[in-house]
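Asker: need coordinates for the following:
(4 chains)
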Number of protein chains: 2
Amino acid sequence: MILSIDLDSEVPIYVQLRNRVTEAIAEGVLVAGNPLPTTRALAADFGINFHTVNKAYDLLRKQGLIRLNRKTGAVVITPSPDTPFRADWAARARTLLAEAVAKGVPADEVLTTCRSVLQSFDSPHSEDTP
Amino acid sequence: MILSIDLDSEVPIYVQLRNRVTEAIAEGVLVAGNPLPTTRALAADFGINFHTVNKAYDLLRKQGLIRLNRKTGAVVITPSPDTPFRADWAARARTLLAEAVAKGVPADEVLTTCRSVLQSFDSPHSEDTP
DNA sequence: CATTTGTTCTATAACTAATAGAGCAACTAG
DNA sequence: CTAGTTGCTCTATTAGTTATAGAACAAATG
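Answerer: Just a heads-up that it's a prediction; the model follows:
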């Protein structure tokens, strides 16, 4: 797995890590059952502290996207999109969509952008279909 | 104008203020030329410090949504959806959409939610059309 | 000219981000 | 059963952010 983070970004490292893993799951690069690198290994890869990785994994666990086992490590799980999540997500979507509309981007263009992003998640990402 | 903020939220007050104003512009409640309350007046309304409101207004100015004049106060302007904005916005949209898809929400349901939010912005919000 | 308003400066307390080290608890492999 | 790995917890420090606060300046209106 190749995760890229920007140490100079204004976005906290642990948030970037959470976002990248979340996107990898959405893309199908990571599916239920797949293991994530250990906190210490991933921290060593990026040259950051393992506590920072730990924080990102903890966020993902609270999001209900991974399960953390001692010794086995972090594993992607099959999520359940419950009602509280949908409500919270819709509120955040409203804020983000408002930002584009307020900036003058036409509603249909906004929707087209969303559609193409969603389509990019749908396209297959298997390594063993040559 | 009625802006509501939650002092107990984990979202910083100045971010909430920016979000509410952004949404009001997207909804058409605020249109180009409309004045915003003065920083001191809005701060008094919410019982918060005027520096906090100042920070929110400064964000909105950097977003290109309002113009700040001495004495005249803050005024909503006609924005220009430039390319850098679209690219940055698309990246953030990707992260948010990934969150829903990774959580198991079907892509078409995500798109439907976005569409209904955008439609809620389109519906008229004029006070003088009985 | 006087008032209002955004702007800027300094300052402080509480919180967050990231790093760091130490050690505990559980699980697997040998 | 032992040894090692790994998540987890604890304390601690440094740097930055959030929100508050007071004071004063600059520009534009009336």
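
Asker: neighbours of A:Asp108, how many?
Answerer: Neighbour count of A:Asp108, defined by other Cβ atoms under 10 Å in any protein chain shown: 10. Using the backbone N, CA and C atoms, a C-beta is placed for each residue, glycine as well.

Asker: surely it forms part of a helix?
Answerer: Yes: judged by DSSP: H, G, I helix; E, B strand; the rest coil, A:Asp108 forms part of a helix.

Asker: how about the strands in chain A?
Answerer: A:66-69, A:73-76 (DSSP state E).

Asker: just checking, what packs against the first one?
Answerer: Think strand A:66-69. On a contact count with 3 or more Cβ pairs under 8 Å, 6 or more residues apart in numbering or on different chains; DSSP states H and E, strand A:66-69 meets helix A:50-62, strand A:73-76.

Asker: hang on, the earlier thing: and the strands of chain A, which is most packed in?
Answerer: Comparing the strands of chain A by mean neighbour count (mean count of other Cβ atoms under 10 Å in any protein chain shown), strand A:73-76 comes out on top with a mean of 18.

Asker: could you find the closest non-adjacent residue to A:Leu7?
Answerer: Distances taken as Cβ to Cβ, 6 or more residues apart in numbering or on different chains put A:Ile13 closest to A:Leu7, at 6.9 Å, once the chain neighbours are dropped.

Asker: hang on, isn't the one you found packed against A:Asn54?
Answerer: No: with contact taken as Cβ atoms under 8 Å, A:Ile13 and A:Asn54 are classed as non-touching, separated by 11.7 Å.

Asker: can you report how many residues neighbour the residue nearest to A:Leu7?
Answerer: Around A:Ile13 sit 18 other residues, with neighbours defined as other Cβ under 10 Å.

Asker: coming back round to it: out of the strands of chain A, which comes closest to A:Arg92?
Answerer: Taking Cβ to Cβ, strand A:66-69 is the member of those nearest to A:Arg92, at 20.6 Å.

Asker: quick one on the thing from earlier: would you format the helices and strands packed on strand A:66-69 as JSON lines with mean pLDDT included?
Answerer: As requested, these are exported to JSON lines (pLDDT from 0 to 100):
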{"stretch": "helix A:50-62", "mean pLDDT": "91"}
{"stretch": "strand A:73-76", "mean pLDDT": "88"}
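
Asker: just put the ones you listed in TSV and tack on distance to chain B.
Answerer: As requested, the helices and strands packed on strand A:66-69 are exported to TSV (distance: least, Cβ to the nearest Cβ, whole Å):
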stretch	distance to chain B
helix A:50-62	9
strand A:73-76	9
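
Asker: contact partners for the residue of chain A most remote from its centre?
Answerer: The C-alpha centroid of chain A is most remote from A:Gly104, which lies 28.0 Å away (Cα atoms, centre = their mean). Residues near A:Gly104 by Cβ atoms under 8 Å, 6 or more residues apart in numbering or on different chains: B:78-81.

Asker: pLDDT value on the residue nearest in space to the middle of chain A, please?
Answerer: Centroid check for chain A by Cα atoms, centre = their mean gives A:Thr22 as the closest residue, at 1.5 Å. A:Thr22 is assigned 94 on the pLDDT scale.

Asker: again with A:Thr78
Answerer: pLDDT, A:Thr78: 88.

Asker: report the buried residues of the lengthiest helix in chain A.
Answerer: Taking DSSP state H as the criterion, chain A has its longest helix at helix A:83-102. Residues of helix A:83-102 classed as buried by neighbour count (16 or more other Cβ atoms under 10 Å in any protein chain shown): A:85-86, A:89, A:93-102.

Asker: so which bits of chain A are right by DNA strand C?
Answerer: Taking Cβ under 7 Å from any atom of the strand as the contact definition, chain A meets DNA strand C at A:12-15, A:48-49, A:51-52, A:55, A:69-72.
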